[in-house]
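A.B. asks: Mind looking at a prediction? Sequence and model below.
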Amino acid sequence: MKAGIRAAALLAVCFLVATVINAQLGMDIFKRPSITKTFHLVVGKGAAYQSTDKNGGTRSTEIGVIGKDSVDGKDGFWMEFVSGANDGKPTVGKALITTDDFQFHRMILQQPGHEAMELPMNMMGARANKMDEHLADWHSAGSQTITVPAGTFSCDHWVNDKTHAEVWTSDKITPFGMVKEINGSGGTEVLVKVLDSFSDRITGAVKQFDMQQMMQEMQQRRQQKP
């Protein structure tokens, strides 16, 4: 993969859904303290980010809300993640999430040049425990007004003493509230644009997840690396 991609490709079946968001899309939403405070969902709205790693490599990511659904009587929202990696060819993933308990119920991924596939959700229990552990590491550092390419925002400031990461969040930003992040490895991520018209970019038919095919594709990508 190119320099600037912060994580490797899918690593393990047990963390499959969360790893897709982290490795394929460059966003680990589970570590954001904004989940519990500034989770702000408006269908058709979203946010565009640019991340820069410690070596100066960059990537773009867009996150937005594309629809609303009902899951066992609970309100659920379809959130979509679009990565500008892979030479500008976007990787797209969308998840159906219930907002009262932040549970994932469906996850669909489409990599460049491939059909969309729906991923299994039967192992999210282990990841949920990890999410709770990560959230416990964050604490509030008060309020702060910061300026990023998207403008000036009054934010809640969060600090992780274990990883030395910092996040600034605003309840004005859909869906996760993040305005800026400084991660523990020297990288940064900033809000570059508030998106007022965010639509579904998954195309074609959706097939069921095939673990063997995914492993073959991962092996091919490793062999193609310079």
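C.D. replies: Great, that's in hand.
A.B. asks: now the strands: where do they sit in this protein?
C.D. replies: 46-52, 58-71, 74-83, 91-98, 103-110, 116-119, 138-148, 151-160, 165-169, 178-182, 188-195, 206-208 (DSSP state E).
A.B. asks: thinking Thr163 is in contact with Gly184, fair?
C.D. replies: Yes - between Thr163 and Gly184 there is a contact under CB atoms under 8 Å: 3.6 Å. Backbone N, C-alpha and C define where each C-beta goes, glycine included.
A.B. asks: More neighbours: which of the two?
C.D. replies: More neighbours surround Thr163 than the other of Thr163 and Gly184, with 14 against 11 (other CB atoms under 10 Å).
A.B. asks: Surely Trp168 is in contact with Lys180?
C.D. replies: Yes - here Trp168 reaches Lys180: they are 4.5 Å apart, a contact under CB under 8 Å.
A.B. asks: Looking only at neighbour counts, state which of these two leads.
C.D. replies: Between Trp168 and Lys180, counting by other CB under 10 Å, Trp168 is the more crowded of the two (25 against 22).
A.B. asks: Quick check: that one vs Met117, distance?
C.D. replies: Distance of Trp168 to Met117, computed by CB to CB, to the nearest Å: 34 Å.
A.B. asks: what residues does stretch 197-209 touch?
C.D. replies: 44-46, 62, 64-67, 78, 80, 82, 90, 92, 94, 108, 110, 115-120 (CB atoms under 8 Å, 6 or more residues apart in numbering).
A.B. asks: Which of the residues you listed are buried, as a PyMOL select command?
C.D. replies: Burial among the contacts of stretch 197-209 is assessed by 16 or more other CB atoms under 10 Å; the matching PyMOL selection reads:
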select buried, resi 45+46+62+64+65+66+78+80+82+90+92+94+108+110+116+117+119
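A.B. asks: Please identify the buried residues of stretch 70-78?
C.D. replies: Here stretch 70-78 shows Gly76, Phe77, Trp78 as buried, counting by 16+ other CB under 10 Å.
A.B. asks: out of the residues you listed, which one sits closest to Ala141?
C.D. replies: Phe77 (28.8 Å; CB to CB).
A.B. asks: so the closest one bridges to which residues?
C.D. replies: Phe77 has these beta-bridge partners by DSSP bridges: Lys68, Ile97.
A.B. asks: Format the buried residues of stretch 70-78 as TSV; extra columns: distance to Ile146 and pLDDT.
C.D. replies: Putting the buried residues of stretch 70-78 into TSV (distance: CB to CB, whole Å; pLDDT from 0 to 100) gives the following:
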residue	distance to Ile146	pLDDT
Gly76	32	91
Phe77	27	92
Trp78	30	93
